[in-house]
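Peer 1: everything below, folded, please.
(chains A and B)
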Amino acid sequence: MNVVITPTMVGQVIISGLLSGALYSMVALGLALIFGVMRIINVAHGPLLMLGAYTTYFLYSGLGLNPYLTVPVSMLVLFGVGLLLERTLIFRVVDAPELSSLLLTFGISIALVNATQLAFTSDLRAVEYLTGSWLVGPFAVSKPRVIAFAFAVGLTGLAFVFLKYTRTGKAIRATSQSREVAMVCGIDVGRIHLLTFGLASALAAAGGALIAVIVAIQPEMGQVWTFKSFLVIVLGGAGNYPGALVGGMLLGLVEQLASLFLTTQLSEVVAYVLLVLVLLVRPTGLLGGRQT
Amino acid sequence: MKRAGALALIALALAALAIYPAFATGYGVRAVLQIFMWIALAGSWNVISGLTGYVSFGHVAFFGMGAYTGGLLIAKTGWPWPLAALGGAAAAGLLALAIGGPCLRLRGPYFAIAMLGLNEVLRALVSYFEGLTGGGNGLSLPTLDATVPIYYAMGLTAAAVTAGTYLILSSRFGLRLMTIREDEVAAEAMGIDTFSHKLVAFLLSALGPGLAGALTARDQGYIEPLSVFPLATTITMIVMALFGGKGTVWGPVLGAAVLFIAQEMVWARYPYVHPLLFGAIIVAVVLAMPRGVLGLLQLKFRLPRTI
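Peer 2: Next up, the predicted model:
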């Protein structure tokens, strides 16, 4: 275990951490939006990401599309799935006790995972489109991860521009600050809930589509993403949207540092310890409570 | 009168289950043993989630913790299995205190998601500490044919969990837990120390799975990370408790018995459909009958609250 750790290795780890951190941020932003606007933790967020990955896989292997061109298609498909889920099931538990929404989304997540397993088996599937690394100075950066990073930064940026400057985006933020006041201002809160759930599902789908090019996919890949996205929004402060960005980068870095100084096997354990520590020391998250 | 009748019925059922192994086939004993295990698991989940309202998505972690602690005590230190089973329960209880400390301090979904991750973490740790646990190769216990004694031990566990739930439900402690479930702010305003109540409920809900895990490890003679930490076990115990009726004494018993038998008879032929059905049952129960089958019966026949 006596490996000498050089500055190059540390630099490499920081680069890898930021690359995967941007993906975490984007996916977690979806979870943060649903939590902020609807006060629901969507346990099915990870399985929605998995559906996005499968959509990209089948567009790539069936129609031979460039997987990066399928990202908007996957997002659109999952936007539709999100709308459907909200309109048929989720809206019924928006005002119900937390127990109901947690259990309902848990049930949905089990159903999605097992329906996928039934339809497409548990076989690992890979989108073998882009492999290898670019050499930047002394650092090797994996090509699909760099492109995923670029997509994630771009899409997250778009989401923030949308939230900040458009009328609908403002309505979403208003609803997340206070549903009652938003209602009084004439915002159709039901429609905002619907839209938010669709958008969040689309962000998850983008994550799934990009991940499909990086690692092999299978129906159970999603659950760990629910947990990680939640960890990200706890780190950044639940309900705090910029906090999701900081939290994602932080999680990416911590995981990579853990794999450098300990072992890759324990990187999930380290992430978990981080969650428990944050809950103990600063339960409102690093950037503080909910502000939008 | 009604109460005496109910007690007589329970005594009769217990007596029948006690002499059952003398007449039953090996398969029959094993099947009832499994039902006992599910009653213990679903009933324990019910204490923290059904009564207190804090959903645990990782209760199988305590099962696995019990299985590995019990298994290691038997295999490495040669403890007799009943003692090792108690050791398993103690380890699960300690784990509950360690996790509950930070996660139950807060309201909201923190606890639920922390439990979702706990299982993965334990599995990773068991695989990592190969020297002790055998890692992915698993842990073999010395051979011992103890199915019938374990049948009784598991039966006692199930009975203790059910009786414990009754005692909690009919006590002031249980009322306070249910107050926390209904409105935690109000509970605090009434002077209930919500944190310590939640923590005690969580501790109690970890003991049953710890015991059941250690007994299962002894019964099967071999454990590995994938067999004692499956998400499917958590899902099954949640479905059973919800279906029977969360927050009731007999709901988990009813759910465990009905769904286990249904699973053995029908769904075993379609192995992939059944988890999908479980997901659908959760969705349907939450939306259509949040109090489960027993809740419906309670309303219809004006049964007592502490059933």
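
Peer 1: surely B:V285 touches B:L242?
Peer 2: Yes. With contacts counted by C-beta atoms under 8 Å, B:V285 reaches B:L242, the gap being 4.7 Å. In this view, the C-beta of every residue, glycine as well, is placed from N, C-alpha and C.

Peer 1: which parts of the stretch 151-292 of chain A sit against chain B?
Peer 2: Residues of the stretch 151-292 of chain A lying near chain B by C-beta under 8 Å from any C-beta of the partner chain: A:223-224, A:226-227, A:230-231, A:234, A:238, A:263, A:265-266, A:268-269, A:271-272, A:275-276, A:279-280, A:283.

Peer 1: who's the closest spatial neighbour of B:R291, skipping the chain neighbours?
Peer 2: The shortest distance from B:R291 to any non-neighbouring residue, by C-beta to C-beta, 6 or more residues apart in numbering or on different chains, is to B:G245 (5.5 Å).

Peer 1: burial count for that neighbour?
Peer 2: If you count neighbours by other C-beta atoms under 10 Å in any protein chain shown, B:G245 ends up with 28.

Peer 1: likewise for the one 10 residues further on?
Peer 2: When counting by other C-beta under 10 Å, one arrives at 32 neighbours for B:G255.

Peer 1: read off the pLDDT value for B:G174.
Peer 2: B:G174 carries a pLDDT value of 90.

Peer 1: correction: the previous question concerned A:L29.
Peer 2: On the pLDDT scale, A:L29 gets 93.

Peer 1: so it is in which element?
Peer 2: Taking DSSP states H and E as the criterion, A:L29 maps to helix A:7-38.

Peer 1: name the helices or strands packed onto that helix?
Peer 2: For helix A:7-38, the packing partners by 3 or more C-beta pairs under 8 Å, 6 or more residues apart in numbering or on different chains; DSSP states H and E come out as helix A:45-63, strand A:139-142, helix A:143-165, helix A:167-177, helix A:189-214, helix A:223-236, helix A:241-261.

Peer 1: next secondary structure after the last one?
Peer 2: Looking back up the chat, that one is helix A:241-261. Following helix A:241-261 in sequence order, the next helix or strand is helix A:267-281 (DSSP H and E).

Peer 1: which outside residues touch that following helix?
Peer 2: A:224, A:228, A:231, A:234-235, A:251, A:254-256, A:258-259, A:262, A:285-286, B:99, B:101-103, B:105-106, B:110, B:114, B:117-118, B:120-121, B:124-125, B:128 (C-beta atoms under 8 Å, 6 or more residues apart in numbering or on different chains).

Peer 1: restricted to buried residues, select the residues you listed in ChimeraX.
Peer 2: Of those, the buried ones can be selected in ChimeraX as follows, counting by 16 or more other C-beta atoms under 10 Å in any protein chain shown:
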select /A:228,231,234,235,251,254,255,256,258,259,285,286 /B:99,102,103,105,106,110,114,117,118,120,121,124,125,128
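
Peer 1: ranges for the helices of the stretch 101-250 of chain B?
Peer 2: Using DSSP state H, counting those that start in this stretch, the helices of the stretch 101-250 of chain B run over B:110-128, B:130-133, B:147-169, B:172-182, B:184-189, B:194-220, B:225-228, B:231-244.

Peer 1: so for chain A, which of the ones you listed sits nearest?
Peer 2: helix B:110-128 (4.4 Å; C-beta to the nearest C-beta).

Peer 1: how about the nearest residue to A:Q223, chain neighbours excluded?
Peer 2: Nearest non-adjacent residue to A:Q223, counting by C-beta to C-beta, 6+ apart: A:G46, 5.2 Å away.

Peer 1: ugh, typo on my part, it should be A:G285
Peer 2: Leaving out its chain neighbours, the residue that sits closest to A:G285 by C-beta to C-beta, 6+ apart is A:G237, at 2.8 Å.

Peer 1: correct me, but the one you found touches A:L250?
Peer 2: No. Using C-beta under 8 Å, A:G237 is not in contact with A:L250; the gap is 11.9 Å.

Peer 1: between the two, who's got more neighbours?
Peer 2: Taking other C-beta under 10 Å, A:G237 and A:L250 do not tie; A:G237 has more neighbours (25 against 21).

Peer 1: can you tell me the element the spatially most central residue of chain B falls in?
Peer 2: For chain B, B:L41 is the residue whose C-alpha lies nearest the centre (C-alpha atoms, centre = their mean; 1.5 Å). Taking DSSP H and E as the definition, B:L41 sits inside helix B:26-45.

Peer 1: which residues of the stretch 101-250 of chain A score low on pLDDT?
Peer 2: Scanning the stretch 101-250 of chain A for pLDDT under 70 picks out A:238-239.

Peer 1: please redo it, this time with the cut-off set to 50
Peer 2: Counting by pLDDT under 50, the stretch 101-250 of chain A shows no low-confidence range.

Peer 1: any buried residues in the host helix or strand of B:A84, and which?
Peer 2: If you go by DSSP H and E, B:A84 is part of helix B:81-103. Residues of helix B:81-103 classed as buried by neighbour count (16+ other C-beta under 10 Å): B:81, B:84-93, B:95-96, B:99-100, B:102-103.

Peer 1: that one near chain A at all?
Peer 2: Yes. Counting by C-beta under 8 Å from any C-beta, contacts between helix B:81-103 and chain A involve B:I99, B:G101, B:P102, B:C103.

Peer 1: touching that helix from outside, list them.
Peer 2: Applying C-beta under 8 Å, 6+ apart, the external contacts of helix B:81-103 come out as A:276, A:279-280, B:61-63, B:65-67, B:69-71, B:73-74, B:79, B:110-111, B:114-115, B:118, B:144, B:146, B:150, B:153, B:198-199, B:202-203, B:205-211, B:213-215, B:217-218.

Peer 1: many thanks, I have nothing further to ask.
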